[in-house]
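S.K.: Output the structure for:
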Amino acid sequence: MWTFQRSRLSYLKQTMKIQIKNRYNSNILWNGEAKDIKDAVQQAVKARVNLSWADLSGAFMPMANLTGVNLTGANLSGANLSGANLYGANLYGANLSGADLSKANLTEANLSGANLSDANLSKADLSKADLSKANLYGAFMPMANLSGANLSRADLTGVKIQEDQQKQLLNCLGVVSSKKKSVKKKKVNV
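M.R.: Presented below is the predicted three-dimensional model:
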């Protein structure tokens, strides 16, 4: 859980004291002055704080720069991360159920074992992302880029994609090859 508290001095600077806590034992992972939770998380990322197991459920962080962040096992259910940069982020086992990740950059992100059920991934860039064993039940994914993504053993039940994405999705699953095979025609004399 993240908490905030305004002090008299921080009110003048338009900041507040924010704590980012572990979702299981409430240990403080980051503590400091920030404008909002987005600013606090970005400060923690800049300071290379390990945010594994953080409780950021419902956090409002659109367009946040979270490049390379470690959010292993974090609770981000219902969070707004639309347009966020999560390039190379470690979200292994994270709870992103119902999260808004529309237009987010998740290139090369580790989402293995993550819960993305009912998440909004429309127009998200998931190229080369590891989504193995991820729960994508009911995820909304029209126009998401899945090129090179690992979807092995992922739950794709009820995933909503566009018709033109079907081939890309089947390619990620190894069902359809994207490489065209050239067929040599033999001349047959009759």
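S.K.: Would you map the strands across this structure?
M.R.: For the chain, the strands defined by DSSP state E occupy 2-5, 16-21, 28-34.
S.K.: burial count for Ser57?
M.R.: Ser57 is flanked by 18 other residues according to other CB atoms under 10 Å. No exception for glycine: its C-beta is placed from N, CA and C like everyone else's.
S.K.: what's the answer for Gly158, then?
M.R.: Going by other CB under 10 Å, the residues that sit close to Gly158 add up to 12.
S.K.: one step back: okay if I get the strands of the chain as CSV plus distance to Gln42 and mean neighbour count?
M.R.: Shown next, in CSV, are the strands of the chain (distance: least, CB to CB, whole Å; neighbours: other CB atoms under 10 Å):
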stretch, distance to Gln42, mean neighbour count
strand 2-5, 13, 14
strand 16-21, 11, 20
strand 28-34, 8, 16
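S.K.: what would those strands look like in CSV with mean pLDDT and distance to Gln43?
M.R.: Supplementary listing: the strands of the chain in CSV, determined by pLDDT from 0 to 100; distance: least, CB to CB, whole Å:
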stretch, mean pLDDT, distance to Gln43
strand 2-5, 52, 13
strand 16-21, 96, 9
strand 28-34, 97, 6
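S.K.: Pipe those into JSON lines and attach distance to Val69 per row.
M.R.: Compiled in JSON lines, those are given as follows (distance: least, CB to CB, whole Å):
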{"stretch": "strand 2-5", "distance to Val69": "15"}
{"stretch": "strand 16-21", "distance to Val69": "12"}
{"stretch": "strand 28-34", "distance to Val69": "12"}
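S.K.: how about the ones you listed, which one is nearest Glu163?
M.R.: Nearest to Glu163, of all the strands of the chain, is strand 2-5, at 40.3 Å by CB to CB.
S.K.: end-to-end on stretch 127-137?
M.R.: 19 Å (CA to CA, to the nearest Å).
S.K.: next one: stretch 133-146
M.R.: Using CA to CA, one end of stretch 133-146 lies 15 Å from the other.
S.K.: got it, and stretch 33-51?
M.R.: Taking CA to CA as the measure, stretch 33-51 stretches 17 Å from start to finish.
S.K.: Could you pick out the longest helix of this protein?
M.R.: The single longest helix within the chain, with elements called by DSSP state H, is helix 37-46.
S.K.: Output the contacting helices and strands for that helix.
M.R.: Taking 3 or more CB pairs under 8 Å, 6 or more residues apart in numbering; DSSP states H and E as contact, the helices and strands that helix 37-46 lies on are strand 2-5, strand 16-21, strand 28-34.
S.K.: Apply 6 Å and report the result again.
M.R.: Contacts defined by 3 or more CB pairs under 6 Å, 6 or more residues apart in numbering; DSSP states H and E place helix 37-46 against strand 28-34.
S.K.: Can you give the distance of the strand it packs on from its chain's centre?
M.R.: Using CA atoms, centre = their mean, to the nearest Å, the distance from the centre of strand 28-34 to the centre of the chain it belongs to is 22 Å.
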